[in-house]
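In: Provided below for reference: sequence and predicted model.
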Amino acid sequence: MEIVKREIERVQFYACTDPAWAGARHGFSTRLGGVSPAPWNSLNLGAKLGDDPANVRENFARFCAAVGTDASALVKNHQVHGNQVRSVTRADVMDRPEASGTYEADGLVTDQPGVCLTIFSGDCIPILLYDPVRRCIAASHAGWRGTAAGIAARAVEAMVRDYGCQGGNILAAIGPGIGPCCFETHADVPDGLRSGLGPDAEPFIRPLSKEGKFSVDLKEANARLLERAGLRRDHIAICTACTACDLNTFWSHRVQGSQRGSMAAMIQLV
């Protein structure tokens, strides 16, 4: 499976175009195709970064129209870099697309058609999950702390435990995020991954020439977590785009700090 870049009505986004994903409309946004001025230009989907709420609302309308999801059916969390997964229904849909999530969690899961699960990133790894057999979806936000805490695996566990999914049927799309080319860290990040993945973490950690510095591959680490949770490797698609490398297409918290907008990833059962 492959995640490809698409453009509809000047809105650029990434999605998995394999026919197996046909029952779940989904996409990973870029910063391109919206109405926000600098420093949020242009497709800012973050509600708490200082942008005009009217701009955020219009940006969601444009992004959802391009992806094929429903801007009036969004469910969001207040992301805290943990491993809490929240099961949601239509009762959890936001009143306004530009509103902020308040429930502290980094994962969402549902089997109700029409509910649009929405997570946010600005270097962290967005992960979308879909079981086309059981008709269940999930979305996870995986920074390095969430990766170490196994947020992606916790989402799979919730799908299996609470919705009757089977790991071998679940598809995963790992979206744009910071790559090992740009994710230079101190020892706390490798140590965190080792605490969560054990020896499986080692292939994703590379010591650098600078003493005490490491390069870490969060996308592949999350793919390994998904495999350990029961997914088939050929059911896991990984977007190679690095958010820190391409500031013309993405925002990067590591490079730009808080003077930026936010990308979103969303998924909705047809």
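Out: Arrived safely, thanks for sending.
In: tell me where this structure has helices.
Out: 53-67, 144-148, 151-163, 188-197, 218-228, 253-256 (DSSP state H).
In: how close does the closest residue to Cys242 other than its chain neighbours get to Ser100?
Out: Distances taken as CB to CB, 6 or more residues apart in numbering put Gly179 closest to Cys242, at 3.6 Å, once the chain neighbours are dropped. Just so you know, the C-beta spots here come from the backbone N, C-alpha and C atoms, and that holds for glycine as well. Computed as CB to CB, to the nearest Å, the Gly179 to Ser100 distance reads 28 Å.
In: now do the same end-to-end measure for stretch 248-257.
Out: 16 Å (CA to CA, to the nearest Å).
In: and the contacts of it?
Out: Contacts to stretch 248-257, defined as CB atoms under 8 Å, 6 or more residues apart in numbering, come from residues 12, 30-32, 39, 122-124, 176, 178, 182-183, 241, 243-244, 247, 260-263.
In: put the alpha carbons of the helix or strand bottoming out on mean pLDDT in the chain into CSV.
Out: Ranking every helix and strand in the chain by mean pLDDT, DSSP states H and E puts helix 253-256 at the bottom, with a mean of 91. Extracted as CSV, the C-alpha positions of helix 253-256 are listed here (Å, rounded to 0.1, in the frame of the first residue of the first chain):
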residue,chain,number,x,y,z
HIS,A,253,7.2,22.6,15.5
ARG,A,254,10.9,21.7,15.8
VAL,A,255,11.9,24.3,13.2
GLN,A,256,9.3,27.0,13.6
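In: buried ones in that helix?
Out: His253, Val255, Gln256 (16 or more other CB atoms under 10 Å).
In: swap in stretch 210-230?
Out: 214-230.
In: any regions of the stretch 1-150 of the chain where pLDDT drops low?
Out: For the stretch 1-150 of the chain, no stretch has pLDDT under 70.
In: quick one, strands of it?
Out: Listed in chain order, the strands of the stretch 1-150 of the chain (DSSP state E, counting those that start in this stretch) span 3-8, 11-16, 24-29, 74-75, 85-87, 107-110, 116-121, 125-131, 136-142.
In: neighbour count winner among Gly179 and Ser100?
Out: Gly179 (22 against 15; other CB atoms under 10 Å).
In: give the contact list for the more buried one.
Out: Asp217, Lys219, Thr240, Ala241, Cys242, Ala244, Cys245.
In: PyMOL command for the buried members of these?
Out: To isolate in PyMOL the members of these that are buried, counting by 16+ other CB under 10 Å, one can use:
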select buried, resi 217+219+241+242+244
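In: which of the contacts of Gly179 sits closest to Val156?
Out: Lys219 (16.4 Å; CB to CB).
In: ok, the closest residue to Leu43 other than its chain neighbours - contacts?
Out: Closest residue in space to Leu43, ignoring its immediate chain neighbours: Gly34 at 3.2 Å, by CB to CB, 6+ apart. Residues in contact with Gly34 (CB under 8 Å, 6+ apart) are Val11, Asn41, Ser42, Leu43, Asn44, Asn55, Glu58, Asn59, Arg62, Phe63.
In: show me the contacts for the fourth one.
Out: Contact partners of Leu43, counting by CB under 8 Å, 6+ apart, are Val11, Ser29, Thr30, Arg31, Leu32, Gly33, Gly34, Ser36, Asn59, Arg62, Phe63, Gly261.
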